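J.: Next input, structure requested:
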Amino acid sequence: MDFDLSWILLGLPLAFVLGWVASRFDLRQLRMENRQAPKAYFRGLNFLLNEQQDKAIDAFIEAVQNDPDTSELHFALGNLFRRRGEYERAVRVHEHLLSRGDLTRTDRERAQHALALDFLKAGLLDRAEDALSKLEGTPFEGQARLALLAIYERSRDWAHAATIAQKLQTSGEGNFSGRLAHYVCEEAATLAAAGRHADALALLEQAIAQAPQAPRPRIDLATLRHVNGDADGAFKTLQDLARETPGAVPLVAARLAQLAADVQRLAKALTLLKDSYAQAPSLDVLEAIVSLQTAAGASSESAREWYVHHLEREPSLVAAAKWIAGEKLEHEQFHPQVQRALDHAVRPLTRYRCAACGFEAKQHFWQCPGCQAWDSYPARRVEEI
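T.: Here you go, the predicted model:
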């Protein structure tokens, strides 16, 4: 059978035409997809800027379906889910990103950080801790350590918190010496509660050496020594506190007066408190001076003249109420009602207020119960701020 070359000559142009048509079809399809994906993406951005998060999510989902390989769309979608509180969906988006083999190192680290934030926002602290630990040595290392520090503080894992705080300080993220002292004090309080007073005392001495200007270690040390029957050692510790951190004296003024009576050092304590008051008048120091003068044998009227002296320096409803409480009024039968009204009026003025969030409390806190900030409570009452 003879082979006809004419069929080849006819087939070549036909194959060329079919190939050209197919390529045009593919290009047209590709252009349509490329136009469709950006359109959905920009529509999502528009909805996001107009705070229409539901519509923005729908638009981003459409964009991801059209172009599933675009990591930026996944990041945008995952962040939207997290902001809306849909943490499970955010986790799925970021875990899908991490499962991709073609993801760049930068995007992989970014996805790991986003996943850690998902777990953190969802309150899954153990999973968040694991995800954050994987960010060591990445550009997100500093943020991850701060988040880990918050987790360890929240779970009261003071040993791990101290390790992270030390790393942050070493890397130049800030001065964490004061916070490290708090962690040691918390550990010491746990040991003291368990009856291990010797170990607790050693830890507090260590905290004082690490942060000499921090008031809490010396205050806690004085308390523990007093509990152990060492009133003289407790008094000397508070003397050291007044010398190293004079601004903290109002926090221990009442305790200092009590210890001075126990160890028979009324004159020394009175001199210390008067010096503190001269530098910075304080209601707590004032009250301690009045009680010490009374204990030293001064008359009640002479001791209470300190309230008048305070009122001459600055107006104080609290001092006025305390002075009136010991005075005999012209209409003495109405004194209880007047005193009750004054005590009610000054009660809010004797609270402590957090400088970070404004949370007020009857007692002084080293860590604010409201915003969790450390050392945010001044050593002064609301009226004195």
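
J.: CA only for contacts and neighbour counts going forward, please
T.: OK.

J.: measure E129 to Q372 for me?
T.: E129 sits 19 Å away from Q372, going by C-alpha to C-alpha, to the nearest Å.

J.: Test my guess that H310 contacts A319.
T.: Yes. With contact defined as C-alpha atoms under 8 Å, H310 reaches A319; the gap is 7.3 Å.

J.: Do I have it right that V249 meets V285?
T.: Yes. Using C-alpha under 8 Å, V249 is in contact with V285, at 7.5 Å.

J.: Quick check: neighbours shared by the two?
T.: S276 (C-alpha atoms under 8 Å, 6 or more residues apart in numbering).

J.: Poorly predicted segments of the stretch 201-350 of the chain, please.
T.: For the stretch 201-350 of the chain, the stretches with pLDDT under 70 are 329-330.

J.: now the strands for it?
T.: Taking DSSP state E, counting those that start in this stretch, the stretch 201-350 of the chain contains no strands at all.

J.: which one of E129 and Q372 has more residues nearby?
T.: Applying other C-alpha atoms under 10 Å to E129 and Q372 shows that E129 carries more neighbours, namely 20 against 15.

J.: Leaving out the residues flanking it, which one is nearest to that one?
T.: Distance criterion C-alpha to C-alpha, 6 or more residues apart in numbering; nearest residue to E129, sequence neighbours excluded, is L148 at 6.4 Å.

J.: What is the neighbour count of the one you found?
T.: Other residues within reach of L148, judged by other C-alpha under 10 Å, total 24.

J.: ok, residues contacting the strand or helix carrying it?
T.: Secondary-structure element containing L148, defined by DSSP states H and E: helix 141-154. Here helix 141-154 makes contact (C-alpha under 8 Å, 6+ apart) with 113, 125, 129, 132-133, 135-136, 158, 160-161, 164-165, 168, 173.

J.: which parts of it are buried?
T.: Buried residues in helix 141-154, counted by 16 or more other C-alpha atoms under 10 Å: 141-142, 144-149, 151-153.

J.: likewise stretch 189-201?
T.: Here stretch 189-201 shows 189, 191-192, 197, 200-201 as buried, counting by 16+ other C-alpha under 10 Å.

J.: what sits up against the helix or strand containing T106?
T.: Assessed by DSSP H and E, T106 sits inside helix 105-122. Contact with helix 105-122 is made by 71, 75, 79, 82, 85, 87, 90-91, 94-95, 97-98, 125, 127-129, 131-132, 134-135, 138, 140, 144, as judged by C-alpha under 8 Å, 6+ apart.

J.: next one: it to chain centre, how far?
T.: 21 Å (C-alpha atoms, centre = their mean, to the nearest Å).

J.: Would you mind writing the CA trace of it as CSV?
T.: Extracted in CSV, the C-alpha atoms of helix 105-122 (Å, rounded to 0.1, in the frame of the first residue of the first chain):
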residue,chain,number,x,y,z
ARG,A,105,10.6,30.5,55.2
THR,A,106,9.3,34.0,55.8
ASP,A,107,5.7,33.0,55.2
ARG,A,108,6.1,29.9,57.3
GLU,A,109,7.3,31.9,60.3
ARG,A,110,4.5,34.4,59.8
ALA,A,111,2.0,31.6,59.7
GLN,A,112,3.4,30.0,62.9
HIS,A,113,3.1,33.4,64.6
ALA,A,114,-0.5,33.8,63.4
LEU,A,115,-1.3,30.3,64.6
ALA,A,116,0.1,31.0,68.0
LEU,A,117,-2.1,34.2,68.2
ASP,A,118,-5.1,32.1,67.3
PHE,A,119,-4.5,29.7,70.2
LEU,A,120,-3.7,32.6,72.6
LYS,A,121,-6.9,34.4,71.7
ALA,A,122,-8.9,31.2,72.1
